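[1] With the input below, show me the fold.
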Amino acid sequence: MAFIKVPEGVPGIRSLVMFRPETGQYLYELAQILLRGESPISEADRELIAAYVSSRNNCMFCMNSHAAAARCLFGDRKTLVDEVLVDMDHSSVSEKMKALLHIAGKVQILGKEVKEDDIKRARDLGANNREIHDTVLIAATFSMFNRYVDGLGSWTPTDPAAYEEMGKRMAQKGYVLPQAIK
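    Numbering: from 1, shown residues only. Reported below is the predicted structural model:
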């Protein structure tokens, strides 16, 4: 049960957005731009970054929901998501993606943990400025989202099927504020 009065049975950030829709609309818009807007990083990889950062922050709602969205978007390659969440360094994602995830992991700790060598490694593996920028912004944003969800004790479902449905909806529709909340 959340620490504030929010609609019962509404999981994660959705209940918090319903509590305060005037701020929630901007959070949804930001998520839509970061995860579905134009970027040289695929939508699946952006969802993977969100899930990875959320996993490192131990935010089970965000980790499970974004991992489910990433699995939907990866399709036949959906096992990559679990590989990364279990052991990113030994996963079968590309070396460039590992370098970007490494940067995201450092941002999750503290932005100043990212060093020139981390950026150089990503660039040497083919990452461009936009990919580095988007990775850092997704990692920073999801650290905030994770703290928002967990800091208010938002309800986190335990049934994996609930996340599978969320993942499908997020993969297909993106992050559009439901009309009922506007």
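[2] Only C-alpha atoms from now on, for both contacts and neighbour counts.
    Will do.
[3] Which positions in the helix or strand harbouring residue 99 come out as buried?
    Following DSSP states H and E, one finds residue 99 within helix 95-109. Across helix 95-109, burial judged by 16 or more other CA atoms under 10 Å covers 96-109.
[4] cool, and stretch 38-54?
    Buried residues in stretch 38-54, counted by 16+ other CA under 10 Å: 41, 43-54.
[5] if you look at those residues, which of them are in strands?
    Using DSSP state E, no member of the buried residues of stretch 38-54 falls in strands.
[6] Closest to residue 16 out of these?
    Sorting these by how near they are to residue 16, with CA to CA, puts residue 54 at the top with 17.3 Å.
[7] Would you confirm that the closest one contacts residue 63?
    Yes. Using CA atoms under 8 Å, residue 54 makes contact with residue 63 at a distance of 4.8 Å.
[8] who touches the residue nearest the centre of the chain in this structure?
    The centroid of the chain falls nearest to residue 50 when counting by CA atoms, centre = their mean (2.0 Å). Counting by CA atoms under 8 Å, 6 or more residues apart in numbering, residue 50 makes contact with 62-63, 66-67, 138-139, 142.
[9] cool, residue 6 as well?
    15-16, 18-19.
[10] Okay, buried residues for stretch 123-142 please.
    Residues of stretch 123-142 classed as buried by neighbour count (16+ other CA under 10 Å): 123, 125, 127, 131-132, 134-136, 138-142.
[11] which element follows the helix or strand containing residue 148 toward the C-terminus?
    In this structure, residue 148 is located in helix 129-151 according to DSSP H and E. Next along the chain after helix 129-151, taking DSSP H and E as the criterion, comes helix 160-173.
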